[in-house]
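Participant: structure, please.
(2 chains)
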Amino acid sequence: MGEKKIIKDRALNLNRRAFLGKTALGIGGAALATTLGYRFFSKDASGELVAQSGFGTKGELDALHLPAKAKRVIYLFQSGGPSQYELFDYKPLLNQRRGEDLPESVRDGQRLTGMTSNQESFPMVGSMFDFKQYGKSGAWISDLLPYTAKMADDICIVKSMYTEAINHDPAITFFQTGSQQPGRPSIGSWLSYGIGSENDNLPAFTVLLSRGTGRPAGQPLYTRLWGNGFLHSLHQGVQFRAAKDPVLYLNDPNGMSKAGKREMLDRIAALNDKHYQDFGDPEIQSRIAQYEMAYRMQTSVPEVMDISGEPDYIYKMYGSEARKPGTYAANCLLARRLAEQGVRFIQLYHMGWDQHFNLPAAIEKQAKDVDQASAALVADLKQRGLLEDTLIIWGGEFGRTNYSQGILTDTDYGRDHHPRSFSMWMAGGGIKPGMVYGETDDFGYNITENPVHVHDFQATMLHLLGINHEKLTYKYQGRRFRLTDVHGKLVKDILA
Amino acid sequence: MRRTERLRTMGGIGLLCGLVAFMACNQGQKASGNSGSDLTEVRLPEKVDFTFDIKPILSDRCFACHGPDQNAIEGGLSLHTAETAYAALGELKDHAAIVPGDTQKSSLVARINATDATLRMPPPESNLSLTDYEKRLLEKWIEQGAEYKPHWAFVAPEPQEVPTKTDWAQNEIDAFVFETLQEKGLQPSDAASKEKLIRRVSFDLTGLPPSPKDIAAFVKDQSAKAFEKVVDRLLASQDYAEHMAAEWMDIARYADTHGYQDDFERTMWPWRDWVIHAFNENLSYKDFVTQQLAGDLIPNASLDQILATGFNRNHKITGEGGVIPEEYRVEYVEDRTNTFGTAFLGLTMECARCHDHKYDPISQKEHFELFSFFNNVPEAGLVPSGVIPVPVINLSQKEVDGVLDFVNFTKSEGKTLPIMVMEEMEKPRQAYILNRGLYDQHGDAVAPNTPKALLDFPAEFPKNRLGLAQWLFHSKNPLTARVAVNRLWQRMFGQGLVASSYDFGNQGALPTHPELLDYLALKFQNEGWDMKALLKYMALSATYQQTTKLSDELLEKDPENLWLARASRLRLPAETIRDQALLLSGLLHKEVGGPSVKPYQPEGIWEETTGGGGGTTASYVLGTGNELYRKSLYTFWKRTVPPPSMMTFDASSRDICSVKRQETNTPLQALILLNDPQLIEAARVMAQSYVGGPSDVGNQISSIFEKATSRKPQPEELQQLEAFYADALQQIEAQELLPEAYLSIGMAQVPDGIDKKQLTALAVTVQTILNLDETISRG
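Facilitator: Okay, the predicted model is just below:
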């Protein structure tokens, strides 16, 4: 008998014994209820209650609110705040008026961070890098992003993003959780809770980190960004790492064989089951199921992380960096593999976009880190037929100022944080391809057309997944919370 | 009518009660906004009660637009008071939402039953709805006169008549519990075995299991006071103080770092040592809280009283270059205000920051009146790296040799440590209502005051933090004692009498045993706020000493153990799981206090998220020697990357005040129990003490099992483990299990000359035992 079959049979037997006849006794209701947004027991095809062993295989929503265009999300988070002026928001006026002070009428009372609020002047500065138009929409894209430019017809560039936060910690927290102060569940946790997982053996919410070359010692990340907040901890983001332990504590102890571990698990299960027979606490059954899940993860995680079998043409697409574990390119490739496995929310973070000084040199390197692999991910999903139901998001927590932070020289400048306008792009999963949405004024400072707030973006993302953002709520401490707080409008114009 | 009689008449809908409370007790509930299944077939109570039947519905489904928030009232209707609910509505003032006794004339009835979606309440856009059962309840309540009652938790506890004690009863707790059980048609369970009982009480009071010697002595002791002696011994132990302190770390959101961005280190551990000291001394709850809130304002305050005020500086503090300092300073004051609400009042003060509270009678103005007590600290919003934020006291050996002799200063020789404390500005900072809660949107000026719905602030009290503490411990304060005893109950029974220990407001859970809660609150208040005495009183009740054994009948009638016909079986907290393994192995180093330590954690997890800020928190430097084996209370807490093995077992993140942890069961927990080097090392070191000893393997395994579970294994269990041991030896011979590799896990030395094959086989057997659900539970 194959190993998998043994596990399955045992799990079923245990569950049968545990719940035989219990539904008739009326514990069905309580057992089927959720704890902290996680359904521990469900009915199998024959109507018997079985202990869930996965990461919330079935979500809280009985049915989607509307037809889903996307089944999963890959969020390529560009941490630190990429400058829109060097990437997507082409503003020749800033080059023409280089060095001139930003007119007060444009700034219009915008609060500044403590890093530039004491600056004597605000000399405007345009991009050092050229822009050209690409694709049917004639999108302006900078020379820093040659690969992204080539797929202009596949992506939708939003130039009119805005946020309220002006510092990293609150701004990233806002994007990931809908609130500037920590403590609420991250987007991936909301999805794990709401619509569950498509893969029994992998977490619904996975996280991959990489460090950019633009400003390697830039600003940090915090594990609470992928935290479950007040939801059940099964909904937390699980970090997949380019380390000996791809998931924390995944590897068996040194010197122990797979078979040895298997026997240990069998003994633990047998003894736990014995204790269950004596004391009758269903929680023990749940514990047995979680141990089985842990065992399955020990196979499923290394399998999905092993990219050695990827053919050469794939490495050509993603770039040679993709062979190096822990790079952005390798993480993009992993993201595709996780998407193929049905992981619901794949969150990448690429650090290093916080370029207050030496921006031209830094952003050139940083753009090179991400350009080819991001484009390859879109193309790769497309060639596999996965792009149509996978939503890809590329963007940071805010934009940067159109004036220089610090001294403006012929070859150098920096940019401070700017919340009032910045750019992102999205692709696949029900997003209108080949589109540029929103516009900013000639200074790039203010939005003139179709503003998209962070909560609007979140509402739109949930919509694509078949969720009405006002209806995916969780009641905690007496209040119904949701990702979009009490805000958020659907951005209909960018839907395919 | 007594309140529990109201609860008891709900006996016919036990399942509904069970469900509702089940969800509430787990700190949250399902999204959809209606209360789940439609239970129209369920019998309505004969007399509908406002507190137990009606207000939960009104609060949850109606108050958002028809409740205490004065600025959110729709159609001029508020349903949170009788006066406003009965008032005439409309331009012509020709109708009312509720006409007592007349469902025909009550427009509420028409609106909740309207088939026209534009008229129906709650409206579709609210995503809320009422079940048929709830509609019938509302109608019957109106029919019976629509009587309003003040919120139970805002009325001061009253002396309770104790029900007649039965033979089963050990003290008054049991009389109250028994009466409810009878009403529910339930019987108390048998007493737990002595082994189980001493294990339970040892974990609950000290966070550690009993030793086989302790167990044997208790089993042998046939005197009437046998258990009381155990309880007294535990309460007098240092472990008790540390275990109590561990919970207080969550409440006080204690951490060793500032919590934002680069997350630099701070030095607050001398405050933590004060907390341990306070529990050791059994400081009354009144003094314990008063000193933390206002120790600096006590006349002729001593240094330890000032150190205690570190409580209100444990919040996060930003060092992120470029933030607007005032924005963050306001956050710190908010944090103190909300912590005060959650920890001492069981109220969600944060809900009244941007507008009046939607559910409880706390206005936005009152929120900022309370805020203004905490607004007068001469502090900065933005604190540069490497600086301990003022105000501080500087501790050196001199102070520690004197009044602060409880601070473990041994590792800080010669140094002077600045510790954050509270201080009052000479001229208080003017506080304002902040419109929409925003730091720079000043509304009307406000002065320090407390919410009127609770208890007027006596004119003779000073309008500062000391006065606030006096108000908190005023004999008529309805919440302080209830909230405190409920949390002590939660410690001993796994769940409070009010399941939502963080919320005693309208949206919180209702007490399962209101009279008992009041009885305990008054006892606590009248007998000197003595925490040890109350814990002992709870431990000595027959209710506490029942078995956890679950019959089909109990599982059916009371799956969540609301009515206490048994004891609850609980998974051990994060700290205790590790501490127990260390204790069993003999590795546990029982030093008290001092700087936090860095035990094993997976390599690279600080480094991979670190920014450019540098400092001591940029990379993790593993501790040495005994530092690896201290209690988890002393594990260094970096807020932005908290210890993953503890977080996975539901530790609080320490971002904000937390009075109740989740209790989850996940595959990541299994991975830690199976693979964490700390636990493997502990298993191996435990095995070391047996290998080469006089007893045979069967006895060795039996002894280990007994230490881990506090009982002897049954023959079938021992057989399983012996077979596993034998198989492990075979694996070693077949080179499938490699002693050299396995035994090299952890820093502890393998003794010379020990039989490594036997050691390895026994170590994996210990590991198996440490993974048992029973080992990580207290039953």
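
Participant: find the closest residue to chain B in the stretch 301-450 of chain A.
Facilitator: Here the stretch 301-450 of chain A gets closest to chain B at one residue, residue A:417, 7.1 Å apart by CB to the nearest CB. Where you see a C-beta, it was placed from the backbone N, CA and C, and this is true even at glycine.

Participant: against residue B:654, how distant is that residue?
Facilitator: Look at residue A:417 and residue B:654: by CB to CB, to the nearest Å, they are 27 Å apart.

Participant: so which of those two has more stuff around it?
Facilitator: residue A:417 (26 against 23; other CB atoms under 10 Å in any protein chain shown).

Participant: isn't residue B:84 right next to residue B:77, touching?
Facilitator: Yes: under the criterion of CB atoms under 8 Å, residue B:84 makes contact with residue B:77 at 7.1 Å.

Participant: more neighbours, the two?
Facilitator: residue B:77 (22 against 17).

Participant: contact partners for the more buried one?
Facilitator: Each residue near residue B:77 by CB atoms under 8 Å, 6 or more residues apart in numbering or on different chains is listed here: B:66, B:84, B:85, B:87, B:89, B:97.

Participant: if any of those residues are buried, put those into a PyMOL selection.
Facilitator: Filtering the contacts of residue B:77 down to the buried ones (16 or more other CB atoms under 10 Å in any protein chain shown) takes a single PyMOL command:
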select buried, chain B and resi 66+84+85+97
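
Participant: identify those among the contacts of residue B:77 that sit within strands.
Facilitator: residue B:89 (DSSP state E).

Participant: columns pLDDT on top of the contacts of residue B:77, output as JSON lines?
Facilitator: Listed next are those as JSON lines, based on pLDDT from 0 to 100:
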{"residue": "B:66", "pLDDT": "95"}
{"residue": "B:84", "pLDDT": "95"}
{"residue": "B:85", "pLDDT": "96"}
{"residue": "B:87", "pLDDT": "95"}
{"residue": "B:89", "pLDDT": "92"}
{"residue": "B:97", "pLDDT": "96"}
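
Participant: just give me the closest of the contacts of residue B:77 to chain A.
Facilitator: residue B:66 (16.1 Å).

Participant: chain neighbours aside, what residue packs nearest to that closest one?
Facilitator: In space, residue B:66 comes closest to residue B:79 once its chain neighbours are excluded; the distance is 4.6 Å by CB to CB, 6 or more residues apart in numbering or on different chains.

Participant: now do the contacts for the one you found.
Facilitator: Per CB under 8 Å, 6+ apart, neighbours of residue B:79: B:58, B:62, B:63, B:66, B:67, B:85, B:97, B:98, B:108.

Participant: pLDDT on whichever helix or strand residue A:457 is part of, on average?
Facilitator: Counting by DSSP states H and E, the element that carries residue A:457 is helix A:454-464. Helix A:454-464 shows an average pLDDT of 98 in the prediction.

Participant: that older thread, now, the contacts of residue B:77 that are in helices?
Facilitator: The helices, defined by DSSP state H, take in B:66, B:84, B:85 from the contacts of residue B:77.

Participant: list the contacts for the last one?
Facilitator: Residues touching residue B:85, when contacts are defined by CB under 8 Å, 6+ apart, comprise B:77, B:78, B:79, B:96, B:97, B:98, B:146, B:148.

Participant: go again using 10 Å as the cut-off
Facilitator: B:58, B:62, B:66, B:77-79, B:96-100, B:106, B:108, B:142, B:146, B:148 (CB atoms under 10 Å, 6 or more residues apart in numbering or on different chains).

Participant: low-scoring stretches of the stretch 1-150 of chain B, by residue?
Facilitator: B:1-42 (pLDDT under 70).

Participant: repeat for chain B
Facilitator: In chain B (pLDDT under 70), the answer is B:1-42.

Participant: just to revisit the earlier point, now the contacts of residue B:79 in JSON lines, with distance to residue A:403?
Facilitator: Formatted as JSON lines, the contacts of residue B:79 follow (distance: CB to CB, whole Å):
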{"residue": "B:58", "distance to residue A:403": "54"}
{"residue": "B:62", "distance to residue A:403": "51"}
{"residue": "B:63", "distance to residue A:403": "48"}
{"residue": "B:66", "distance to residue A:403": "50"}
{"residue": "B:67", "distance to residue A:403": "47"}
{"residue": "B:85", "distance to residue A:403": "57"}
{"residue": "B:97", "distance to residue A:403": "57"}
{"residue": "B:98", "distance to residue A:403": "61"}
{"residue": "B:108", "distance to residue A:403": "58"}
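
Participant: which single residue in chain A comes nearest to chain B?
Facilitator: residue A:478 (2.6 Å).

Participant: so for that residue, what's the nearest residue that isn't a sequence neighbour?
Facilitator: Nearest residue to residue A:478, sequence neighbours excluded (CB to CB, 6+ apart): residue B:507, at 2.6 Å.

Participant: give the full set of residues in contact with that neighbour.
Facilitator: Contacts of residue B:507 by CB under 10 Å, 6+ apart are A:475, A:477-479, B:24, B:55-56, B:59-60, B:63, B:348, B:351, B:357-360, B:500.

Participant: mind doing that once more with 6 Å?
Facilitator: Residue B:507 makes contact with A:478, B:59, B:359, according to CB atoms under 6 Å, 6 or more residues apart in numbering or on different chains.

Participant: surely residue B:700 meets residue B:692?
Facilitator: No: judged on CB atoms under 6 Å, residue B:700 makes no contact with residue B:692 at a distance of 10.3 Å.
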